[in-house]
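**Student:** the amino acid sequence is not available; the structure is as follows:
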């Protein structure tokens, strides 16, 4: 089962030299989408595509294309990508192929496009789309087990975990794009030995390393998306930091789930890497042979063979002190989305099996992507074993949870023999003092 | 503390005679908003106001008003009420006063408006606004205790309940307006004595009797709305049926809360009764003196004095057999929003205390509004004691949970000595067979 086509060819080079270094996140094999404008300008936000260290302005180049690619480029020139996303797989692929051809060495469109390129360092981003609904899953069994141990020592992994792709609804309004800042949230907390709760700024502020998945084509209320049809609905992927206030969470989360512990802010990376670009990095869905077989609506040969995505991700913390001293951020963990217990296809099939409808631009969070090893944990809660063991950063500072002024930087990339490395850029966001 | 003004005057009569019967949900003291068009037409949906059995077409009458009322009427003529809602209290009040004056007996605007009235029986409705985010609270302590007994016999009311207004995020995409139909949801369930879960149509389909609260003016991310300032943010109220699949819920809800058990459909009434119209029915917030004092951000004299709303609501079931025989629906319970353990102001203050932002059109569900008596239960789960005791309908049929073809009808109204009764109309929705 292969989704590889000429746009993934390792031999392709772009006439944009910065795309050909082998180190850029954005070689011609990637071609991710974002919503951008010139930094500090009053220009309309519009769709762009990354190539090397440049942005292709889709509004400026749409007229170079024809047919479905032109329709797609025009839709992607709007202030959000929702319309483009809603067009569906054939339009997404047509534009990708047209861009791949136009950006290749020797392309006749070079002069026309080159004149309109804008350097990434000169742009600012908006959310890639209007996110109507956002759902967060819980697909890392390593995260679920580690967090379960802290919140429910006697009962870490609940009996439904290996049957149900556990998910819950999140807050859309507080999702921001990389660069987002937010005040440390305030709220109720209760120490285990306290008689009554107390109120104040969160003391256990944490990040969560996640993959965000954007739905393109939706489904009508009452219809379901079959497991093997999910690729025609999944538009693309981003990096996602699902900020979490652990002390608020512990006190509020029963019986209806996390609420104020999560909805004060969540941050996405500006660039959306398409499902098509990720084709080479799809991989076997690994499941312990002792685990229960999934129910039929969550089980297929295709899902077993190419259900997982090997997206490598890391997390770094940049403290205020590091910034003042121009020191490098300190990488605190690295993991991969391939460890996910449930696949993207299973999340989408499960979400709609009851008839719940997706709309273009809806986002799914994968849940914190912790790997099997302790150093692959996707949150400080896990890295510090519930705040009991501080971690030491590369400049000697230590952290149990985040402090005011800390910036959290997440990066993601894919690499595989026979293919060109592609990346996601980064999602960065800074904690401000409580108001 | 009074919010009563000339628009609430019991002596006011309208030149629309059907508004003056004393039995209409929509006397001149009410003036609720909806989005409507002529039934079966291709007209644009637009804002309207109910008066007796008629609709005032705001697009047709906006030019009759001046100043803030004209601005408000023009905004309310759009295909959603979001813009109007975002204008804020002074605009909402200006339009209400202008409509009250123009619809009174003897008003000079009578001829101009009368020519544009459309009978409610000739219109169809859309959602009143784009609901960006929807949050469901859990504010009936009677519901929380009854449901808690069924899901957690040893631990029905959790220790956080009397401190934290428990809420969780819901799904916006599947909210529909009265008249919505949906197929019985399918999903995983697990009988307590079963070794493994099974898959199939929900067997314990239920309604939830709720009040929906629309936010008008939002707040910026990072800011909080103070308890005593919430009235300037709350636009209005509707009836809300939060459909629930109890068997799916029992198996999936731990640890992150209800998900597929809720997101297959939720239904709102078309008419939004404004916070201002409800002023006469605001009442003392009742709390057991042995309960803990709320934290300062949830406590004020105003909230104690007028925090609650005495909105009476009932639920009726109309079976397919009743429809075939033109028999009246069977009312199965009646309750009031005044029993809510937490007030609207407390829900809004709590939701934003961590800096979470509201946007115009966001909706809050109150949670199932069960009263202290068994017959005041707001769900079948409670009325049938977890499905153990069936209820008998007025035509002799019985129910534990809902069957295919059942229509659930919820109504709401307010009455108080010295004021004219006002109503919400109804929210009606029918269960179709599983696909």
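**Tutor:** Thanks, I have the structure now. Everything numeric in this text was worked out from a predicted model, so none of it was measured.

**Student:** helices and strands of chain A: which one has the lowest mean pLDDT?
**Tutor:** Least confident helix or strand, chain A: helix A:141-151 with a mean of 91, by mean pLDDT, DSSP states H and E.

**Student:** contacts made by the very next helix or strand once past that one with the rest, please.
**Tutor:** Counting by DSSP states H and E, the next helix or strand C-terminal to helix A:141-151 is strand A:167-169. The contact list for strand A:167-169, computed with C-beta atoms under 8 Å, 6 or more residues apart in numbering or on different chains, reads A:133-138, A:257-258, A:347, A:350-351, A:364, A:367, B:168-171, B:256-259, B:263. No exception for glycine: its C-beta is placed from N, CA and C like everyone else's.

**Student:** close to chain B, is stretch A:391-406?
**Tutor:** No - with C-beta under 8 Å from any C-beta of the partner chain as the criterion, chain B is not reached by stretch A:391-406; the gap is at least 13.4 Å.

**Student:** cool, and stretch A:215-231?
**Tutor:** Yes - among the residues of stretch A:215-231, A:221-224 lie within reach of chain B under C-beta under 8 Å from any C-beta.

**Student:** now, the residues you listed that are in strands?
**Tutor:** With DSSP state E as the criterion, strands contain none of the residues of stretch A:215-231 next to chain B.

**Student:** near chain B at all, the least confident helix or strand of chain A?
**Tutor:** Yes - Helix A:141-151 lies within reach of chain B by C-beta under 8 Å from any C-beta, at A:148, A:151.

**Student:** which helices and strands does that helix pack with?
**Tutor:** The contact analysis (3 or more C-beta pairs under 8 Å, 6 or more residues apart in numbering or on different chains; DSSP states H and E) places helix A:141-151 against helix A:380-383.

**Student:** need the mean per-residue confidence for the helix it packs on.
**Tutor:** For helix A:380-383, mean pLDDT is 98.

**Student:** adjacent strands (with direction) for the next helix or strand after it?
**Tutor:** Helices and strands here follow DSSP H and E; after helix A:380-383, the next one along the chain is strand A:391-392. Strand pairing for strand A:391-392, determined by DSSP bridges: strand A:398-399 (antiparallel).

**Student:** how about residues contacting the strand it pairs with?
**Tutor:** Identification of contacts with strand A:398-399 by C-beta under 8 Å, 6+ apart yields A:317, A:380, A:384, A:390-393, A:406.

**Student:** just the buried residues of those.
**Tutor:** If you count burial by 16 or more other C-beta atoms under 10 Å in any protein chain shown, the buried members of the contacts of strand A:398-399 come out as A:317, A:380, A:384, A:391, A:393, A:406.

**Student:** which residues does stretch A:246-254 contact?
**Tutor:** For stretch A:246-254, the surrounding residues in contact (C-beta under 8 Å, 6+ apart) are A:151, A:185, A:187-190, A:197, A:202-206, A:258-262, A:381, A:387, A:401, B:158, B:160, B:164, B:166, B:255-257, B:354.

**Student:** cool, and stretch A:411-426?
**Tutor:** If you take C-beta under 8 Å, 6+ apart as the criterion, stretch A:411-426 is touched by A:8, A:10, A:12, A:22-27, A:29-30, A:32, A:50, A:178, A:211, A:237-239, A:269-271, A:273, A:277-278, A:280-281, A:309-314, A:316, A:409-410.

**Student:** just these: which are in helices?
**Tutor:** Per DSSP state H, helices hold no members of the contacts of stretch A:411-426.

**Student:** tell me which parts of the stretch 1-150 of chain A are close to chain B?
**Tutor:** So the stretch 1-150 of chain A meets chain B at A:132-133, A:135-136, A:138, A:148 (C-beta under 8 Å from any C-beta).

**Student:** what do you get if the cut-off is 6 Å, keeping everything else the same?
**Tutor:** A:132-133 (C-beta under 6 Å from any C-beta of the partner chain).

**Student:** pLDDT weak spots in the stretch 1-150 of chain A?
**Tutor:** Along the stretch 1-150 of chain A, the model assigns pLDDT under 70 to residues A:1-2.

**Student:** tally of neighbours for the residue of it found nearest chain B?
**Tutor:** At 5.1 Å from chain B, residue A:133 is the closest residue in the stretch 1-150 of chain A, using C-beta to the nearest C-beta. Residues lying near residue A:133 (other C-beta atoms under 10 Å in any protein chain shown) number 28.

**Student:** repeat that for residue A:284.
**Tutor:** The burial count for residue A:284: 12, using other C-beta under 10 Å.

**Student:** quick one, grab the pLDDT at it.
**Tutor:** Looking at residue A:284, its pLDDT stands at 97.

**Student:** also the one 5 residues further on?
**Tutor:** In this model, residue A:289 is scored at 89, pLDDT.

**Student:** ok, residue A:211 next?
**Tutor:** pLDDT, read off for residue A:211, is 98.

**Student:** residues contacting residue A:88?
**Tutor:** residue A:217 (C-beta atoms under 6 Å, 6 or more residues apart in numbering or on different chains).

**Student:** distance of it from residue A:282?
**Tutor:** Distance, residue A:88 to residue A:282, using C-beta to C-beta, to the nearest Å: 20 Å.

**Student:** before we move on, which element is residue A:213 in?
**Tutor:** Following DSSP H and E, one finds residue A:213 within strand A:209-215.

**Student:** and what of residue A:61?
**Tutor:** Taking DSSP H and E as the criterion, residue A:61 maps to helix A:58-61.

**Student:** I'd like the next helix or strand past that helix.
**Tutor:** Using DSSP H and E, the helix or strand that follows helix A:58-61 towards the C-terminus is helix A:67-75.

**Student:** report the contact partners of residue A:309.
**Tutor:** A:278, A:281-282, A:337.

**Student:** try it again at 7 Å.
**Tutor:** By C-beta atoms under 7 Å, 6 or more residues apart in numbering or on different chains, the residues touching residue A:309 are A:278, A:281-282, A:337-338.

**Student:** ChimeraX command to pick out the buried ones of the residues of stretch A:215-231 next to chain B?
**Tutor:** Selecting only the buried entries of the residues of stretch A:215-231 next to chain B in ChimeraX, with 16+ other C-beta under 10 Å as the criterion:
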select /A:221,222,224
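
**Student:** out of the residues of stretch A:215-231 next to chain B, which one sits closest to chain B?
**Tutor:** When the residues of stretch A:215-231 next to chain B are compared against chain B (criterion: C-beta to the nearest C-beta), the nearest one is residue A:222, at 4.8 Å.

**Student:** just checking, the closest one touches residue B:183?
**Tutor:** Yes - with contact taken as C-beta atoms under 7 Å, residue A:222 and residue B:183 are classed as touching, separated by 4.8 Å.

**Student:** so what sits against both of these two?
**Tutor:** In terms of C-beta under 7 Å, 6+ apart, residue A:222 and residue B:183 are both contacted by the residues A:355, B:435.

**Student:** what does the least confident helix or strand of chain A rub up against?
**Tutor:** In contact with helix A:141-151 (C-beta under 7 Å, 6+ apart) are residues A:138, A:156-157, A:161, A:250, A:339, A:341, A:367-368, A:370-372, A:377-378, A:381-382, A:386.

**Student:** again, 8 Å this time
**Tutor:** A:138, A:155-158, A:161-162, A:166, A:250, A:253, A:339, A:341, A:367-372, A:376-379, A:381-382, A:386, B:255.

**Student:** how about the residues of the stretch 201-350 of chain A near chain B?
**Tutor:** So the stretch 201-350 of chain A meets chain B at A:202, A:221-224, A:245, A:248, A:251-260, A:263-265, A:292, A:295-297, A:350 (C-beta under 8 Å from any C-beta).

**Student:** on the three-state scheme, residue A:108 is what?
**Tutor:** For residue A:108, the assignment made with DSSP: H, G, I helix; E, B strand; the rest coil gives coil.
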